[in-house]
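J.: Okay, here's the prediction I keep looking at, along with the sequence it came from:
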Amino acid sequence: MGSIVGIDERMALILGAGFLSCLLFLTLAIVLSHSAGPRLRLNRRLRNLGLSTSQRETVSNRTMNPRQKRIQQKLQDLENRKKKKGAKNEIQSAMLKAGLESNVRAYLFGSVLVSVISMGVVYILAMPWYVILASGLFTAYFLPKWVLLILFNKRQKRFTANFPDALDIIIRGVRSGLPVAECLNIVSTEIPDPVGDEFSRLVEGQKIGLTIPELLQRGLERMPTKEYKFFAVVIQIQQETGGNLADTLENLSTVLRDRKQMRDKAVALASEATASAAIIGSLPILVGGALAFLSWEYMEVLFTTDTGHLLIGGGLGWMALGILVMRNMINFKT
């Protein structure tokens, strides 16, 4: 009789887990379809009009003047060079973007180290062997990339904040009669890093005989921001066709300051929702950790039984889905 009751409980647990998994995947599919909705509607409208994306780009290119076409071509060349980069140099590129030396051995050593630490912690918690292995693989692959992404985002914010000031120095220098190389040298000494470091690399590269397009392309590998890309296009177009560099850079500086002002306004408006999302996302983990610390016997069943492991996995899945939804609600692409 006890075995029959045990089988019934196990079947109910399996059915409940299957139902929750299906509900989780259904919710995730709804979220992803909602995120991709605008792009799908655009493609549907293009198909209804009888135009593909390439045909639409061709029509838009016909309406451009020659200077706009050259700028568009330069932007496409930069994107094509970026796409040609294989997965072999992905680690080196990520480390350069984060402002670190491209040392692949150090990256792999750090990945192995955090993987061993993660597996040791999970082993101490008496988890099954597959959970230990999964935690090691997960941390080895995602944690170093996450750290590099955080470093790159911080470096990018500092670069974007100081870049309009660098453009203003170049504008004033060009209007006063200084050559562009001398203006770049002034920026490298007056503007703090990472802007000063990038411009010092431009100055040093010119001294050893490298061309401006080559130096700008290397700079874009280290700092692939839209602001720096616009600057690279303007400099290359000015070298090829001439024109008033000061006026062009002044317009670019104005646009960049307006973009920063709009971005800061969006962040300020979303600050309350961001704080709420952080509190809601961290509250279950903090409460669970506090309960485990105060009464381990009460929480032990979650870590020592298969049912507890299933409940932890389901809870983490639903938390991840909720965090994804909240992130999409407060993420303003500016």
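T.: Received it, and whenever you're ready, just let me know what you need.
J.: contact partners of stretch 290-301?
T.: 288, 307-308 (Cβ atoms under 8 Å, 6 or more residues apart in numbering). C-beta here means a position set from N, CA and C on the backbone, and glycine is covered the same way.
J.: hmm, 10 Å instead?
T.: Residues outside stretch 290-301 that contact it (Cβ atoms under 10 Å, 6 or more residues apart in numbering): 125-126, 288-289, 302-303, 307-308, 311.
J.: Quick one: mean pLDDT for that stretch?
T.: Taken as a whole, stretch 290-301 has an average pLDDT of 85.
J.: Can you list the buried residues in it?
T.: Met299 (16 or more other Cβ atoms under 10 Å).
J.: any idea which of the contacts of stretch 290-301 is closest to Lys207?
T.: Proximity of the contacts of stretch 290-301 to Lys207 was ranked by Cβ to Cβ; the top entry is Gly289 with 55.8 Å.
J.: tell me the mean pLDDT for stretch 138-158?
T.: For stretch 138-158, mean pLDDT is 89.
J.: What lies in contact with it?
T.: For stretch 138-158, the external contacting residues (Cβ under 10 Å, 6+ apart) are 90-91, 93-100, 107-108, 110-119, 121-122, 192-195, 197, 222-225, 227-228, 263.
J.: Touching, Gly243 and Ile237? I think so.
T.: Yes - using Cβ atoms under 10 Å, Gly243 makes contact with Ile237 at a distance of 7.6 Å.
J.: between the two, who's got more neighbours?
T.: More crowded of Gly243 and Ile237, by other Cβ atoms under 10 Å: Ile237, with 18 against 13.
J.: which SSE is that one in?
T.: helix 226-241 (DSSP states H and E).
J.: Which of the residues in the following helix or strand past that helix are classified as buried?
T.: Downstream of helix 226-241, the first helix or strand assigned by DSSP H and E is helix 245-269. Neighbour-count burial for helix 245-269 flags 245, 248-250, 252-253, 256, 260 (criterion: 16+ other Cβ under 10 Å).
J.: Glu272 - how many residues pack around it?
T.: When neighbours are counted by other Cβ under 10 Å, Glu272 comes out with 10.
J.: can you give me the angle the helix or strand it falls within makes with helix 245-269?
T.: For Glu272, the host element (DSSP H and E) is helix 271-294. Helix 271-294 runs at 50 degrees relative to helix 245-269, counting by axes from the mean of the first three to the mean of the last three Cα atoms, to 10 degrees.
J.: and Lys265, what pLDDT?
T.: Looking at Lys265, its pLDDT stands at 85.
J.: What of the one 5 residues further on?
T.: At Ala270 the predicted local distance difference test score is 79.
J.: Let me know the distance separating the nearest residue to it once chain neighbours are set aside from Leu324.
T.: For Ala270, ignoring the flanking residues on the chain, the nearest one in space by Cβ to Cβ, 6 or more residues apart in numbering is Ile330 at 4.8 Å. Taking Cβ to Cβ, to the nearest Å as the measure, Ile330 and Leu324 are separated by 11 Å.
J.: After the helix holding Glu272, which helix or strand is next? Please name it.
T.: Following helix 271-294 in sequence, per DSSP H and E, is helix 296-304.
J.: how big is the angle separating the helix or strand harbouring Asn162 from helix 245-269?
T.: If you go by DSSP H and E, Asn162 is part of helix 129-175. Following the same axes, to 10 degrees, one obtains 140 degrees for the angle between helix 129-175 and helix 245-269.
J.: Quick one: distance of helix 129-175 to the chain centre.
T.: Helix 129-175 sits 8 Å away from the centroid of its parent chain (Cα atoms, centre = their mean, to the nearest Å).
J.: Kindly report the same for stretch 195-208.
T.: 26 Å.
J.: Now that stretch - C-alpha only, PDB.
T.: The C-alpha coordinates for stretch 195-208 follow below in PDB (Å, rounded to 0.1, in the frame of the first residue of the first chain):
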ATOM      1  CA  VAL A 195      39.500  58.700 -24.700                       C
ATOM      2  CA  GLY A 196      43.000  60.000 -24.100                       C
ATOM      3  CA  ASP A 197      44.400  56.400 -24.500                       C
ATOM      4  CA  GLU A 198      42.600  55.900 -27.800                       C
ATOM      5  CA  PHE A 199      43.900  59.200 -29.300                       C
ATOM      6  CA  SER A 200      47.400  58.500 -28.000                       C
ATOM      7  CA  ARG A 201      47.300  55.300 -30.000                       C
ATOM      8  CA  LEU A 202      46.300  57.300 -33.100                       C
ATOM      9  CA  VAL A 203      49.300  59.700 -32.500                       C
ATOM     10  CA  GLU A 204      51.800  56.900 -31.900                       C
ATOM     11  CA  GLY A 205      50.500  54.900 -34.900                       C
ATOM     12  CA  GLN A 206      51.000  57.900 -37.200                       C
ATOM     13  CA  LYS A 207      54.600  58.300 -35.900                       C
ATOM     14  CA  ILE A 208      55.500  54.800 -37.000                       C
END
